[in-house]
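Undergrad: Sequence below, structure please.
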Amino acid sequence: MGKFTQVMVLSFGTLAGGAAGFYLLENYKVKAKEARLKELMEQKRIAELRKGSMETKAA
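TA: Below is the predicted model of the structure:
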């Protein structure tokens, strides 16, 4: 029974470690996508401001 317990502890430890690693990786990916989206939205806002100022100068 001792070997079986060791195998079960190892299995659950591996499962828990894998789940924690997966969660951390997914969390990192979400944060990276949010940062990239924020950056792109800021670039779009700046481009729209420049476009608007160009149109008022041309008029």
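
Undergrad: Strands along this protein, start to end?
TA: Along the chain, counting by DSSP state E, no stretch forms strands.

Undergrad: Low-confidence stretches in it?
TA: For the chain, applying pLDDT under 70 flags the ranges 57-59.

Undergrad: Helices of that one, start to end?
TA: Along the chain, counting by DSSP state H, helices occupy 2-58.

Undergrad: separation between Glu55 and Lys44?
TA: 16 Å (C-beta to C-beta, to the nearest Å). C-beta coordinates here come from the backbone N, C-alpha and C atoms, glycine included.

Undergrad: oh sorry, the question was meant for Gly21
TA: In terms of C-beta to C-beta, Gly21 sits 35 Å off from Lys44.

Undergrad: Kindly report the same for Thr14.
TA: Between Thr14 and Lys44 the computed distance is 45 Å (C-beta to C-beta).

Undergrad: The spatially most central residue of the chain and Thr56, how far apart?
TA: By C-alpha atoms, centre = their mean, the mean C-alpha position of the chain lies nearest to Val30, the distance being 1.9 Å. The spacing between Val30 and Thr56, counted by C-beta to C-beta, is 39 Å.
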